[in-house]
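Enquirer: Need coordinates for the below:
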Amino acid sequence: MASVDAGRGQRPPHAISLADKLGDFTEYWQPRTVAEFNGHDIMVVKAKGEFVWHKHDETDDLFLVLRGRLVIQLRDGDVELGPGELFVVPKGVEHRPVAAEEVHIMLIEPRGTPNTGDPATAQPRRVL
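Expert: Next comes the predicted model:
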């Protein structure tokens, strides 16, 4: 994680290259935490195909497309996103991300939020 507190044995401050972090893995639908912000994980994820229908009862879900195209399916319609576009799914709203081709996404969620909405089926927290 990047830190600005170099005086206590931490690394000196540095920028985080999202492209470099995305180059560190190939798996789909397995978010990687690249930084922390006020109790939230800032994550990158590669996606292709359909994710599961799910919801988050306690938190909104933010998707920012970095590369490619993503469709957020909602029960009452779809939201299509391209590079540089973001969408926030309100808490409690069922949704399913879908990517016809590989897409790179940045997510910001409270630390510990299960990506499937259910801790029993969620991916483990992975930190790059």
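Enquirer: burial measure for R32, as a count.
Expert: Using other C-beta atoms under 10 Å, R32 has 20 neighbouring residues. To be clear about C-beta, it is placed using only N, CA and C from the backbone, and glycine gets the same treatment.
Enquirer: Need the pLDDT of it.
Expert: For R32, the pLDDT comes out at 96.
Enquirer: Pretty sure it sits against K46.
Expert: No: R32 is beyond contact range of K46, at 9.1 Å (criterion: C-beta atoms under 8 Å).
Enquirer: overlap in contacts of those two?
Expert: Shared contacts of R32 and K46, defined by C-beta atoms under 8 Å, 6 or more residues apart in numbering, comprise F25.
Enquirer: where in this protein is pLDDT low?
Expert: Counting by pLDDT under 70, the chain contains low-confidence ranges at 1-9.
Enquirer: Please enumerate the helices of it.
Expert: Under the criterion DSSP state H, the chain carries helices at the ranges 18-22.
Enquirer: buried set for the lengthiest strand in it?
Expert: Longest strand in the chain, counting residues (DSSP state E): strand 95-110. Under the neighbour-count criterion of 16 or more other C-beta atoms under 10 Å, strand 95-110 has 95, 97-99, 103-109 buried.
Enquirer: Which two of those have the greatest separation?
Expert: Greatest spacing in these, by C-beta to C-beta: V98 and I108 (20.3 Å).
Enquirer: So which elements touch the longest strand of the chain?
Expert: For strand 95-110, the elements it packs on are helix 18-22, strand 40-50, strand 61-67, strand 70-74, judged by 3 or more C-beta pairs under 8 Å, 6 or more residues apart in numbering; DSSP states H and E.
Enquirer: List of residues touching the last one?
Expert: This points to strand 70-74. Here strand 70-74 makes contact (C-beta under 8 Å, 6+ apart) with 47, 53, 63, 78-81, 87, 89, 93-100, 103, 105.
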